[in-house]
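Student: here's my sequence, what's the structure:
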Amino acid sequence: MAELKALVNASNGHSPMFSDKSSYQVPVNKEGAADKRNVGVAGPQSCELALDCIENKVAFGTVFDDHEEMNISVHGVPLKPGHVRVSVDGHIQPEASVPVPIPGEIEVVRQAVGSHVAWPRELIIYPTVAKKKKEVLQGQSKRKDELQKLQDDYRKMKLNKNVPKQYKVLYKHAAVFMKATGESIPIPCDSDVFGTEKIIYILHENVKALLEFDMIGQATISAYMA
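Tutor: Coordinates of the predicted model:
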């Protein structure tokens, strides 16, 4: 709950959203050469997790290095420089200590399985380049298929009889694309309206309810007031 609250507060303007990408440097090995093992590609990636040195693998999981909003804190604790959020999917050395323990909850690797923890970037091992390329191509193909399906759904979708014709495109966009992607419409709200700066997020169901002349919710009313 503390972690969720931190993310909500960040998105509402109480604390800045930030990324350390601009200050990230490519790791170097003992000889001073760029270490390509730890340079990832966009999006969540499968990885192996090491402790103390790169050869000492203790777990495997998924790294979220490209997700700015997920790299603010883990379990309510701000991420330290050089660390990134990972989900631990399985253990290799179950009794090995995690690099950033949560006292009383997650102190060894077996306790971290199924959860998210902070891990030093330099101790994260990515798949080989060839495997990465294959995964990227598979991901592109999958996204293309998903996009084609969404386009087909958009064309076939029938309007609710209450929706004004001039809002046909907006309605179908909300009902198909916003719903499928989780997209929202952010509306900044300054402190003069509700006493604090925040961002109101209009979801697909809010758009649909409004255009169908159905019961509208708090977010829609707040956005109108703002």
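Student: domains in this structure, as residue ranges please.
Tutor: Taking automatic domain parsing as the criterion, the chain consists of the domains 2-127, 158-225.
Student: worst average pLDDT in the ones you listed?
Tutor: Note on those: domain 2-127 shows the lowest mean pLDDT, a mean of 73.
Student: I'd like the domains of the chain as TSV, with distance to residue 142 and mean neighbour count appended.
Tutor: C-beta: built from backbone N, CA, C; applies to glycine. Formatted as TSV, those follow (distance: least, Cβ to Cβ, whole Å; neighbours: other Cβ atoms under 10 Å):
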stretch	distance to residue 142	mean neighbour count
domain 2-127	12	16
domain 158-225	14	15
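Student: measure how far stretch 92-110 is from the centre of its chain, please.
Tutor: On the basis of Cα atoms, centre = their mean, to the nearest Å, stretch 92-110 sits 24 Å off its chain's mean C-alpha point.
Student: to residue 145, which of the domains of the chain lies closest?
Tutor: Across those, residue 145 has its closest neighbour in domain 158-225 (12.7 Å, Cβ to Cβ).
Student: can I get the domains of the chain in JSON lines including distance to residue 141?
Tutor: JSON lines is the format used below for the domains of the chain (distance: least, Cβ to Cβ, whole Å):
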{"stretch": "domain 2-127", "distance to residue 141": "15"}
{"stretch": "domain 158-225", "distance to residue 141": "18"}
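Student: which strands or helices does the longest helix anywhere in the chain pack on?
Tutor: In the chain, with assignment by DSSP state H, the single longest helix is helix 129-156. Helix 129-156 sits against strand 45-51, with contacts defined as 3 or more Cβ pairs under 8 Å, 6 or more residues apart in numbering; DSSP states H and E.
Student: and the strand it packs on, which strands flank it?
Tutor: Here strand 45-51 has these sheet partners by DSSP bridges: strand 53-63 (antiparallel), strand 124-125 (antiparallel).
Student: gap between that strand and the chain center?
Tutor: Remark: strand 45-51 is offset 18 Å from the chain centroid, using Cα atoms, centre = their mean.
Student: quick check: angle from it to helix 129-156?
Tutor: 140 degrees (axes from the mean of the first three to the mean of the last three Cα atoms, to 10 degrees).
Student: contact partners of strand 45-51?
Tutor: Applying Cβ atoms under 8 Å, 6 or more residues apart in numbering, the external contacts of strand 45-51 come out as 40, 56-63, 65, 86, 88, 92-93, 96-97, 99, 119, 123-127, 132, 135.
Student: again, but for stretch 98-112
Tutor: Taking Cβ under 8 Å, 6+ apart as the rule, stretch 98-112 contacts 51, 58-59, 74-75, 77, 80, 83, 88, 91-97, 115, 117-120, 123.
Student: now swap in stretch 149-162 and tell me
Tutor: Under Cβ under 8 Å, 6+ apart, the answer for stretch 149-162 is 165, 168, 171-173, 175-177, 180, 208, 211-214.
Student: gap between the helix or strand hosting residue 206 and the chain center?
Tutor: Residue 206 is part of helix 204-211 when elements are defined by DSSP states H and E. Centroid separation for helix 204-211 versus its chain: 24 Å, with Cα atoms, centre = their mean.
Student: what's the following helix or strand after it?
Tutor: Counting by DSSP H and E, the next helix or strand C-terminal to helix 204-211 is helix 218-225.
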